[in-house]
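> give me the fold of what follows.
(chains A and B)
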Amino acid sequence: MKKLLTFAHRGEAQAFIEAHSFKALDFFFDGLFESEQYYLLITGEGPHNASEKTISVLAKYKETISEVFNIGIAGSLNPKIKKNELLWIRTAFAHHAEKLEFKSYSSPYKGAHHDCMTAYGRVLSLEERMTLSHFADLVDRELWAVASAAQFFKIPIYALKIVSDEMVESSEDICKFVKTEAIFFSQKLLAEFNSHLKKDGQKETLKPVPHNLLSSLLADSDFYFTTSQQRKLTSLLDNLEKKGVNLIQLNFSTIKNREISPKDRSRLLLQYFNDELNPMAKMIREALAKKLDSLDQAAIHCSYDPDFEQDWLQLSMRVQSSRDLEKIKNALKIFSYEDFKSVFNGQIE
Amino acid sequence: MFEVIYIENQLSNHPRVLEILKKFPHSEVKLIDKVENVFGRVKKPYLQKRTNLNLFLGEKKGQLVKLAPPAYGLEGEPHYYFVHAYNCIYECNYCYLQGYFHSPDIVLYLNHEEIAVEIKRTAELYHAQHPEHKVWFHAGEYSDSLALTHLSGELSHYFNLFKDLPNCNLELRTKSVNTRELLKETPLENVITSFSLSPAHRSKLNDLKTPPLKQRLAAINELHLKGFPIGIHFDPIIYDDQFIESYEDLCDQLMQNIDADSIRYISLGVVRFTKEVYQKVQKNYPDSDLLAQEFVRSFDNKIRYSRPMRLWMLAKIKQQLIERGVQASKIYLCMEDNDNEQAGIEL
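Next comes the predicted model:
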């Protein structure tokens, strides 16, 4: 898996391009590069460019991309945040046509403590910066759009910004100054990015090893799980773990050894895991089975709300002789609907 | 504690604001026109409150007193709540606030005089039709009623108000043990401090950043001994393998701190979520055992345990309380409208 690094301008990406052997990729537009570990995308300035290009790249390469990074310069909205400071972004907001976009996107990086406002136009006046400062510490032109694309493809987003200009009135000239300093900014961004990867790598080794019961069951030829059963199995095992059940101690050898089809074994296994997870649901089912026993004996098929929320009971039966009919009549005579309903009202012991 | 304190312009010299600012000399201060211009305008992730919590000080406009939803409190009496704060310093992982305001920042409204006028007006209107009823007002629908009272300083306003409203009750609902401001007041029969309690281990797992059960029980004990009326909420009740034993323990511990006759009421409510909050809980607390149990969409579209399970749980706890001397008439089921009827038959 590779990381996708996004930059607005080539200047901000220079040091990264030089540090790795990036090759240009033949794509729908210029500005996409690939190295052994990374894709590097020059989005161009502004949220529209960033959004279109990031979505295109993710649509094509999503299977091979594990993380998205947005890296580049940003203006300060906080007098305490000074030029050349490097900041990891916690949450990205957006401001468009004097209105705030309600949606926001957050990075999973715990070391990120600053928020960034992505503006659809250049924010130069101090008054505008003051307004935006109520919501974020930095202002940029792309992050929110890149983060929105990453979120769409359910890929985590990380953002690293270097402060190019402080909380003062600026003019269009600021962009020229920023350009001349681009290589300096790029080198500082690269150094911070590398140090983050080093830290992140250390953390990776601390992650717990996921349980392998799921994979061993899916590979076991004694069982056959449909796609929806696989989802159910995954969720049951996850929830059992959350509940603190030691999965290794779950004993389902009797199910595994039963002389039935793999499909039926899977159904029983899911039921077993479900009962382990929800012993109350098992109790409720058993209590209902007791109340319906007389009907069951007369071969009356009973069904009820599987969520136990509504107390209806549906009966179906087949009559092939007068004897069958008598049996059913007798069973219905002794059956008490009120008793059945009492289970729905909590009398399950 | 607060990174930025936002203050509405007209309140910049308000004595309460100046006092709050004195307590947070390191917070950045920003003046704004209206709380609503900044608070909740963009979606701030709920868990950001852990590292970046802001405070808004403003004046509440619009509807200041609202009718509470059905099955909110003791049956047969009207219930209203008033809004003087948004959000909470605690982080209960089932809390509906994580899906409510789109921002975890704290808002304190300081126009208590206006809120008091509205409470009085609401009570008068109701009593004109039903003079025989007590009218309930609840503080803390969107916040904890005691946790920040040392900052917000509103308790004296409401004690003064309810002293003159003997046909009305005020409920202060809390998980806090911040009783310092409350203890400065003279207890009133119609101002009830109600504590939400869970078994100690569940409180540790779910009521994140709240005072532990022992401290809450000690606060109940102290307030009770000093004459403050006490209500209890066992809400939300969460099922686990120790459910019966842990509620036996909780009931025992409660009765060691206040006698059953002295408790004004006990409400029981099984954990429940709107669909949106359920999704938030999944997102914010993916490893919590809270969601390991099976939930269903219930009678009011809320996500709950199945009906037999929650009615069984409610009946068990009700029975435990009755065995310890609590009168059945003092126990009510909170937000379980449909279940109330069913439970009425079965319990």
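> quick one: the helices in the stretch 1-150 of chain B, in order.
Using DSSP state H, counting those that start in this stretch, the helices of the stretch 1-150 of chain B run over residues B:15-23, B:35-38, B:112-129, B:149-152.
> nearest to chain A, out of those?
Nearest to chain A, of all the helices of the stretch 1-150 of chain B, is helix B:35-38, at 4.6 Å by Cβ to the nearest Cβ. The way it works is simple: take the backbone N, C-alpha and C, and place the C-beta from them, glycine included.
> what does that closest one contact?
Contact partners of helix B:35-38, identified using Cβ atoms under 8 Å, 6 or more residues apart in numbering or on different chains, comprise A:134-135, B:6, B:8, B:32, B:56-58, B:107.
> how does it look with 6 Å?
Applying Cβ atoms under 6 Å, 6 or more residues apart in numbering or on different chains, the contact partners of helix B:35-38 are A:134, B:6, B:32, B:56, B:58, B:107.
> can you check stretch B:5-19 too?
B:27, B:29-32, B:38, B:55-58, B:110, B:153.
> which among those residues count as buried?
Buried members of those, counted by 16 or more other Cβ atoms under 10 Å in any protein chain shown: B:27, B:32, B:38, B:55-58, B:110, B:153.
> need the max-distance pair from the contacts of stretch B:5-19.
Spatially, the most separated pair among those is B:Val38 and B:Gly153, at 23.2 Å (Cβ to Cβ).
> that older thread, winner for burial among the helices of the stretch 1-150 of chain B?
Among the helices of the stretch 1-150 of chain B, ranked by average contacts under mean count of other Cβ atoms under 10 Å in any protein chain shown, first place goes to helix B:149-152 (a mean of 20).
> ok now it, how far from the chain's centre?
16 Å (Cα atoms, centre = their mean, to the nearest Å).
> that helix: what's the following helix or strand?
Later in the chain than helix B:149-152, the nearest helix or strand by DSSP states H and E is helix B:155-163.
> tell me the angle of that next one relative to helix B:112-129?
Calculated by axes from the mean of the first three to the mean of the last three Cα atoms, to 10 degrees, helix B:155-163 forms an angle of 20 degrees with helix B:112-129.
> give the buried residues for helix B:155-163.
Residues of helix B:155-163 classed as buried by neighbour count (16+ other Cβ under 10 Å): B:155, B:158-159, B:161-162.
> stretch B:70-78 too?
In stretch B:70-78, counting by 16+ other Cβ under 10 Å, buried: B:71-74, B:78.
> who touches A:Asn239 in this structure?
For A:Asn239, the contact set (Cβ under 6 Å, 6+ apart) comprises A:277, B:292.
> quick check: which ranges of the chain have low pLDDT?
Chain wasn't specified; assuming chain A. Applying pLDDT under 70 to chain A picks out residues A:170-178, A:201-211.
> try chain B instead
The model of chain B has pLDDT under 70 over residues B:71, B:335-347.
> ranges for the strands of the stretch 1-150 of chain A?
Here the stretch 1-150 of chain A has its strands, by DSSP state E, counting those that start in this stretch, at A:2-7, A:23-24, A:32-34, A:38-42, A:65-76, A:86-96, A:99-106, A:114-119, A:138-140.
> kindly export the first one (C-alpha atoms) in CSV.
Which is strand A:2-7. Only the C-alpha atoms of strand A:2-7 are listed here, as CSV (Å, rounded to 0.1, in the frame of the first residue of the first chain):
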residue,chain,number,x,y,z
LYS,A,2,1.1,3.5,-0.7
LYS,A,3,0.5,6.9,0.7
LEU,A,4,-0.9,9.7,-1.5
LEU,A,5,0.8,13.0,-0.9
THR,A,6,-1.1,16.0,-2.2
PHE,A,7,0.4,19.5,-2.7
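> okay, the angle between it and strand A:38-42?
Going by the same axes, to 10 degrees, strand A:2-7 is angled at 20 degrees with respect to strand A:38-42.
> what helices and strands are in contact with strand A:2-7?
Under the contact definition 3 or more Cβ pairs under 6 Å, 6 or more residues apart in numbering or on different chains; DSSP states H and E, strand A:2-7 sits against strand A:38-42, strand A:65-76.
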